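>>> This is a predicted model, with the sequence first.
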Amino acid sequence: MNHTVGVTVSIPPSTPVIVGVGQISFRPDDLSQAVEPLELMARACEAAAADAGSSKLLSSAASIAVVQGAWKYTDPARLLAERWGATAHTIRSTDGGNTPQSLVNKLAMRIAEGATDISVIVGAETIWSRRRARRQGIRIPTTDQAPVEPDEISGSPLDMTDEFETARGIEAPINFYPLFESAIRYANGESISDHRDRLSQLWQGFNEVAVQNPYAWFRTPMTAEEIRNPSPSNRMVGFPYTKAMNSNWDLDQAAALILCPVETAQQLGISRDKWVFPLAGTDGADTQKVTNRGALHESPAIRVAGRRCLELAGVGPDDIDHVDLYSCFPSAVQIGAREVGFSLDRQLTLTGGLTFAGGPLNNYVTHSIATMVQVLRNDPGSKGYVSANGGFVTKHAFGVSSTEPPANGYWTENCQADIDVHPTSVGAPDHVGPVEVEAYTVMYGADGPEKLLAACRVRPGVRTWAYSTDAHLMTAATETELIGRAATVDADGVLTVD
C-alpha cells in the first residue's frame, strides 16, 4: 500500500519517538551455551541501540523499564543500568500481557511532558532452556541480586484467581479462553463443526505470518486441517482448542524498545527513517473476576479503550494499515477485532501470534511493537494499531503509531471510568437448582476428555459455575450445542443437562 507522506514540518522537540527496536529468539543446540534472562535482555537492548545507530542511547538512558517475567531478579533494570554505566530511573512492571504497551503509553507521555528523556523497555524469558537444563542436570549461570526494589513498580496487580471459580475447576487460561470461544460461537449462531473450521482457517493465517517471521519460535507450516484436528503432536487441550491454538511460552526470547524525545534523536544523529511516533495510547480493564463479567463473548474495556485510542489518534478502524491484536487464543483475537471494528478477514497479526511466534509470559507485546516499528518504517506514512491483554481478557492497553508525528501531540488516557458504567454480573456460589448453560469447554488429558466446565446463568445478571465428568455428556458437548439448554447444578457444582 502506498501512502502520501506529509510535508516535513517542525516537530515539537519533546515529541516522543521510538528510535530503536531489538528482538532475540535464542535456541542453542548446546545447552552449555544457554544464558540467563538478564543476558538476553541486555542483548535485546544492545540490538535496539544498534538498530537506532547510537550506542549512547543505553549509557545515557534516563529510564529503564523491565517487563516482569518468570525470574527472580528484584530490580533487573538496575543491573542493566550498571552494565552500561547509566544513571536511570528503574521500573519493573506487574504481571500482565498488557504491560509492554502500558509502559510505552506511560513513558511516551512522560517524554512528551519533559519528565524523562531516553527510555528503554525490555523483557525476556528463558523458560525453554531452563526446563531442559534442569532435566539434564545443567546449571545455567544466573546473576544473584540482593533484595532491592526498583524506583517504581508500574501497573496494578493481576489477581487472576477466584475461590469460587477455582473450586469448580476453572482457574487457568486454558480453561477460560475456550469458554469464551463457545460463547462467541453461540452469539454468531454457528454450528460446532463450522465454527471449528473457521477457527482453523483463522489460525492458519497466523501460522503463515509466523513462518515468514525470523524471530518466531515455531516456523513450521501448518494447514488448517492440521491445526483443527487432534494428532499425537497436536492433542486437544480445551475444546475446541488443540495445542496449536494455545499460547506457547516454552521458549527463550527477548525484545526491547528505545524511546526518546525528537530533540534527543536529532542531537544523537539518529536517522529520520528510523523514527516511529506513538500517536496515542489508552488503558482500561474489564472486571477482575470473570464471574462478574456481563457477557462472556464481549469486552467493554476493549470497546471503550480500544476505540478511544483510535479517536485520540484521529483515525478509524479503516484508516489503520497494520494491526497486531493480542492473540494468546483465538477468542482473544475475535473479541478484540469485534469490539474495535476490525474485520476478521484482514491480517490481524504481524508476528504470527502467541502460538507460533511465541508468547513469552508478559512480554509478547514488546515483540509485536518492535515488529510494528519495522513494518511502519518499510511503509512510510502508514498507521499501525497494537492491542495488549493481561489475564483472562482482563487488563488492556492500546497504541497507534506512525512514521508521521501526531498532529496535535501525543496523548494517553485511562478509560476506566467509562468502562465501569457497563453492566456486570454477580456470582451465585451457593446456588442449587435450575440454570441455563451460558458457555462451556471440555478439558482433555493425555487419555482423552476429563472434565466439562460450564458457566451457567441462574437468571439475568447472576452467574454460577459447574462441571461434569460424565463421559456421555462430555462427548455430546463436542458434537451438539449445549449453550441455551436447561440444566441443574447440585450442591457440589455438578452439572446435569436436561
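Arrived safely, thanks for sending.

>>> Could you use CA atoms for every contact and neighbour count after this?
Noted.

>>> quick one, phi/psi of A115?
The phi and psi values for A115, taken as degrees, to the nearest 10, are phi -90, psi -10.

>>> nope, V494 is what I meant
phi -80, psi 130.

>>> change the start of the numbering to 653 and stick with it
Renumbered: residue one is now 653, and that last one reads V1146.

>>> Just give me the neighbour total for it.
By other Cα atoms under 10 Å, the residues close to V1146 number 19.

>>> Let me see the mean pLDDT of stretch 980-987.
For stretch 980-987, the mean pLDDT works out to 98.

>>> roughly how far out does it sit from the chain middle?
Chain-centre distance of stretch 980-987: 10 Å, with Cα atoms, centre = their mean, to the nearest Å.

>>> distance between the ends of stretch 999-1006?
Criterion Cα to Cα, to the nearest Å; first-to-last residue distance in stretch 999-1006 is 15 Å.

>>> So which residues make contact with that stretch?
For stretch 999-1006, the surrounding residues in contact (Cα atoms under 8 Å, 6 or more residues apart in numbering) are 857-863, 865, 868, 898-901, 974-981, 985, 1009, 1011, 1016, 1019-1020, 1023-1024.

>>> What about the residues you listed, which are in helices?
If you go by DSSP state H, the contacts of stretch 999-1006 have 857-863, 985, 1016, 1019-1020, 1023-1024 in helices.

>>> which one of those residues is nearest Q720?
Within the ones in helices among the contacts of stretch 999-1006, proximity to Q720 (Cα to Cα) peaks at Y1016, which comes in at 11.6 Å.

>>> if I look at the closest one, how far off is T1023?
As judged by Cα to Cα, Y1016 and T1023 stand 11 Å apart.

>>> Tell me where the stretch 1003-1150 of the chain has helices.
Using DSSP state H, counting those that start in this stretch, the helices of the stretch 1003-1150 of the chain run over 1005-1008, 1016-1029, 1068-1071, 1123-1129.

>>> now the helices: where do they sit in the stretch 753-902 of the chain?
779-788, 815-819, 825-840, 844-863, 876-880.

>>> about what we covered before: out of the helices of the stretch 1003-1150 of the chain, which is the most enclosed?
helix 1005-1008 (a mean of 28; mean count of other Cα atoms under 10 Å).

>>> Is I826 in contact with G890, as I believe?
Yes: I826 lies in contact with G890 (Cα atoms under 8 Å); the separation is 6.3 Å.

>>> neighbour-wise, which of the two wins?
G890 (28 against 21).

>>> For the closest residue to that one other than its chain neighbours, give its distance to L810.
Closest residue to G890 apart from its sequence neighbours, by Cα to Cα, 6 or more residues apart in numbering: M1095 at 4.4 Å. Look at M1095 and L810: by Cα to Cα, they are 24 Å apart.

>>> Looking only at neighbour counts, state which of those two leads.
Neighbour totals were compared for M1095 and L810, and M1095 leads with 22 against 14 (other Cα under 10 Å).

>>> what about A1098, neighbour count?
A1098 sits with 10 neighbouring residues when counted by other Cα under 10 Å.

>>> Check A1059 too.
The burial count for A1059: 10, using other Cα under 10 Å.

>>> quick one, what contacts it?
Contacts here follow Cα under 8 Å, 6+ apart; on that basis A1059 touches nothing.

>>> Give me the phi and psi angles of it.
Dihedral angles of A1059 (phi, psi; degrees, to the nearest 10) stand at phi -60, psi -30.

>>> what's near enough to touch the residue nearest to P668 when sequence neighbours are not counted?
Here the nearest residue to P668 in space, its sequence neighbours aside, is P913; by Cα to Cα, 6+ apart that works out to 4.6 Å. Residues in contact with P913, defined by Cα under 8 Å, 6+ apart, are 665-669, 763-764, 769-770.

>>> Try it again at 6 Å.
When contacts are counted by Cα atoms under 6 Å, 6 or more residues apart in numbering, P913 touches 666-668.

>>> ok, back up a step: was I right about the residue nearest to G890 contacting R887?
No: here M1095 does not reach R887: they are 11.1 Å apart, not a contact under Cα atoms under 6 Å.

>>> related to what we said a few turns ago, and the contacts of P913, which of them are in strands?
Secondary structure from DSSP state E places P668 of the contacts of P913 in strands.
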